[in-house]
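Peer 1: Next comes the sequence, and after it the predicted model I'd like to discuss.
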Amino acid sequence: MGILGRISTLVKSNVSDLIDSMQDPAKEIDQLIRDMEDSARSARSEVAQCLADEKRMGKRVDDLAEEIKSWEAHAVRAVQAGDDALAKEALRRKAERQADRIEAEKALSDQRAYSVQLGAGLKALEARVQDVKLRQGTLREKARAAKRSGKTAAFEDFDRMSGKIDALEAEVGLTDELKGQTTASIEAERKLREMSEQKSVDDALADLKKKLGG
């Protein structure tokens, strides 16, 4: 299970149900908190890596934009020199860089979406950890009482308290929302590719000549 999946499981988990099934609540509540804190540490590390990847991907998009401009300039000079073959080659290289840029922009968009989801998930998890830790002692006592009485009603106030975590969870969206954004970006990429493929190098050369002639 990936880090988003682990966070989602911990945020969505019903603590009352978990404690009710514990054989030794005093120890197992501590372990539950440690598990949450471990996942939060992993998420923080993942967020840092995501930000570094975003920076690298952003530079790649910018570099490709510069290459596109460069090949456009080469094509202009070739047309001005009356060398159609060279102009076509320059336009072909420009089209390749444009296709590369579309892919790079999609990767950057997906990375940003993942970073947002991961950051929101981390925030929700940290809030859940703090709430559980604040009630740690009370939860132990209620767990013992519930074991003795065989009742779980003692945890109803904790469930009410966790409502604010559910609100955070709704904002996060986690993997479902991330999946929707990925689908949208894939569809956008498909449309952009179709548009790019419709214009041949010959058409691009004709357009360039028209622009220069104007």
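Peer 2: The structure has been received and is ready for your questions. The model shown is predicted, which means the values in this text are computed figures rather than measured ones. Residues are numbered from 1 along each chain as shown.

Peer 1: tell me the contacts of residue 104?
Peer 2: Taking C-beta atoms under 8 Å, 6 or more residues apart in numbering as the criterion, residue 104 is in contact with 57, 60-61, 64. All C-beta atoms are positioned from the backbone trio N, CA, C, and that covers glycine.

Peer 1: in which helix or strand would I find it?
Peer 2: Residue 104 belongs to helix 84-134 when assigned by DSSP states H and E.

Peer 1: and if you look at residue 32?
Peer 2: Residue 32 belongs to helix 25-80 when assigned by DSSP H and E.

Peer 1: picking that back up, from the contacts of residue 104, which is closest to residue 85?
Peer 2: Minimum separation from residue 85 among the contacts of residue 104 (C-beta to C-beta) is found for residue 64, which lies at 24.6 Å.

Peer 1: Can you verify my assumption that residue 65 contacts residue 102?
Peer 2: No - counting by C-beta atoms under 8 Å, residue 65 does not reach residue 102; the two are 11.6 Å apart.

Peer 1: So for those two, which residue has more residues nearby?
Peer 2: The residue with more neighbours, out of residue 65 and residue 102, is residue 102; 18 against 15, by other C-beta atoms under 10 Å.

Peer 1: Can you tell me how far the more buried one is from residue 4?
Peer 2: Look at residue 102 and residue 4: by C-beta to C-beta, to the nearest Å, they are 26 Å apart.

Peer 1: Check residue 201 too.
Peer 2: The value you get for residue 201 to residue 4, if C-beta to C-beta is used, is 43 Å.

Peer 1: likewise residue 65?
Peer 2: Computed as C-beta to C-beta, the residue 65 to residue 4 distance reads 31 Å.

Peer 1: how about JSON lines for the contacts of residue 104, with neighbour count and distance to residue 72 added?
Peer 2: Conversion of these to JSON lines gives the following (neighbours: other C-beta atoms under 10 Å; distance: C-beta to C-beta, whole Å):
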{"residue": "57", "neighbour count": "19", "distance to residue 72": "23"}
{"residue": "60", "neighbour count": "17", "distance to residue 72": "19"}
{"residue": "61", "neighbour count": "17", "distance to residue 72": "17"}
{"residue": "64", "neighbour count": "20", "distance to residue 72": "13"}
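
Peer 1: Done for today, thanks.
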